[in-house]
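*Asks:* Let's see this in three dimensions:
(one chain, ligands or ions: 1)
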Amino acid sequence: MGEIKIAISGIGNCCCSLIQGLYYYKHINSNDESVPGLMHNVLGGYKISDVNPVAAFDIDKRKVGRDLSEAIFAKPNNTLRFQKDVPKMDVRVQMGPVLDGVAPHMMNYPEDEAFRVSNEKPAEVVKILKDSGAEILVNYLPVGSQKAVEFYASCALEAGIGFVNCMPVFIASNPVWAKKFEEKKLPCVGDDVKSQVGATITHRVLTKLWADRGVKLDKTYQLNFGGNTDFLNMLERSRLISKKVSKTESVQSQLPQRLADNNIHIGPSDYVPWQKDKKVCYIRMEGRKFGDVPVVMEARLDVEDSPNSAGVAIDAIRCCKLGLDRKIAGPLKSISSYTMKHPIEQYSDSEAYQRVEDFIAGKRER
Ligand SMILES: NC(=O)c1ccc[n+]([C@@H]2O[C@H](COP(=O)([O-])OP(=O)(O)OC[C@H]3O[C@@H](n4cnc5c(N)ncnc54)[C@H](O)[C@@H]3O)[C@@H](O)[C@H]2O)c1
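*Replies:* Okay, the predicted model is just below:
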């Protein structure tokens with residue numbers, strides 16, 4: 001079917017896992033076998049090896065100026081290396097404008113754990129996007145980077161390319177931004193990746209299970225902690241507002257009646273450096289079954305965070321390319337609902353799955 005040229009903003013752990021995956025799965029070229037870690041070996045005719053990074057942006061002095069194949073393993077990235085060989089890619093990481101991408105408290109943490117801003121001058125992002133031939137910009141900026149994400153979304157619009165927003169600044173799910181992509185006749189997917197088997201999908205599916213079985217959920221929490229820069233960044237509570245909305249609404253959307261705000265507590269809870277990219281999540285659900293008899297469920301999830309998101313982003317990117325091929329303008333609702341926590345329209349996960357299959361097969365417009 002041809003290649004999918006992508007640009008990436010934010011060369012952190014999620015980007016590292018995504019790029020490792022491009023090489024790890026490069027020999028997979030049919031749907032004949034079931035491959036661990038993939039939801040679709042070939043999606044709409046596109047193989048994983050068709051995804052080709054052509055431009056990259058970051059602000060960290062250990063990443064800017066380096067080849068993307070090296071920058072993904074530079075500090076403070078600390079996710080698992082599951083692919084030994086990542087060849088030189090001839091893509092130089094360019095300096096982006098910092099704007100609100102870096103939280104001030106990062107300076108209070110050791111250099112190996114936190115962001116350190118390069119003193120290079122910001123590059124001309126739109127020009128680089130155009131010159132590189134990028135078709136889609138995949139956005140992986142830190143939580144709370146409202147201005148920086150809006151900047152990159154505007155650059156995608158100006159360069160005339162699609163946008164896949166993997167984090168919780170609301171673009172594809174914000175009607176104002178969705179309209180801008182519609183007007184430019186460009187597809188977008190977002191917002192905030194719902195990982196393969198992560199905290200959100202587990203909590204959503206359990207919540208839906210209880211509702212479908214007639215059990216009344218009275219109270220619930222989901223506490224998450226890890227040792228990567230995503231968790232370090234989120235220690236600053238003021239940056240967390242949209243992340244909490246994204247995670248909480250994702251679970252609320254599966255309930256027949258919303259829980260009162262003080263009966264649902266979901267969010268990132270702490271930073272534990274030695275955990276590195278391993279995230280631990282505790283979910284507790286309290287409710288009532290037949291006869292108003294109490295029922296309590298607790299789940300503990302222990303996952304490497306970033307490959308969990310890459311396994312989903314790889315399908316969001318390929319669906320965005322199908323959107324470009326089919327000249328679909330604005331948010332792609334089915335893949336956004338399936339792969340993102342905060343889509344413009346929420347469906348149950350089984351319905352979203354079916355809608356994505358229909359979209360890939362060309363039976364559903366978006
Ligand atoms: N499973 C997951 O890991 C997961 C799931 C859902 C959403 N997300 C979200 O995806 C985003 C990326 O996660 P991550 O773990 O890769 O984070 P990360 O902290 O490892 O990477 C963020 C990168 O952005 C760079 N950056 C900061 N400001 C920038 C700017 N103005 N321009 C360009 N680059 C800039 C940083 O230097 C860093 O390299 C986060 O917002 C996270 O919440 C992650």
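*Asks:* Got the phi and psi for residue 359?
*Replies:* The phi and psi values for residue 359, taken as degrees, to the nearest 10, are phi -60, psi -50.
*Asks:* got it, and residue 54?
*Replies:* Torsion angles, degrees, to the nearest 10, at residue 54: phi -120, psi -10.
*Asks:* any idea how far the residue in the stretch 251-366 of the chain positioned nearest to the ligand is from residue 102?
*Replies:* Closest contact between the stretch 251-366 of the chain and the ligand, by Cβ to the nearest ligand atom, is at residue 309 (3.5 Å). For glycine as for every other residue, the C-beta is placed from the backbone atoms N, C-alpha and C. Note on residue 309: its distance to residue 102, by Cβ to Cβ, to the nearest Å, is 21 Å.
*Asks:* For those two, indicate the residue with more neighbours.
*Replies:* residue 309 (26 against 20; other Cβ atoms under 10 Å).
*Asks:* residues in contact with the more buried one?
*Replies:* 14, 17, 166, 193, 195, 196, 198 (Cβ atoms under 8 Å, 6 or more residues apart in numbering).
*Asks:* at 10 Å what do you get?
*Replies:* 13-15, 17-18, 140, 166-167, 192-196, 198, 230, 316, 339 (Cβ atoms under 10 Å, 6 or more residues apart in numbering).
*Asks:* Name every strand pairing with the strand or helix carrying residue 188 and say which way it goes.
*Replies:* Using DSSP states H and E, residue 188 maps to strand 187-189. Partners of strand 187-189 in the sheet, by DSSP bridges, are strand 162-165 (parallel), strand 330-331 (parallel).
*Asks:* In JSON lines, list these along with mean neighbour count and mean pLDDT.
*Replies:* Formatted as JSON lines, the strands paired with strand 187-189 follow (neighbours: other Cβ atoms under 10 Å; pLDDT from 0 to 100):
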{"stretch": "strand 162-165", "mean neighbour count": "29", "mean pLDDT": "98"}
{"stretch": "strand 330-331", "mean neighbour count": "26", "mean pLDDT": "98"}
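*Asks:* can you tell me which of the contacts of residue 309 are in helices?
*Replies:* If you go by DSSP state H, those have 13, 14, 15, 17, 18, 230, 316, 339 in helices.
*Asks:* From residue 354, how far off is the last one?
*Replies:* Noted for residue 339: a distance of 14 Å to residue 354, by Cβ to Cβ.
*Asks:* Thanks again, I'm all set now.
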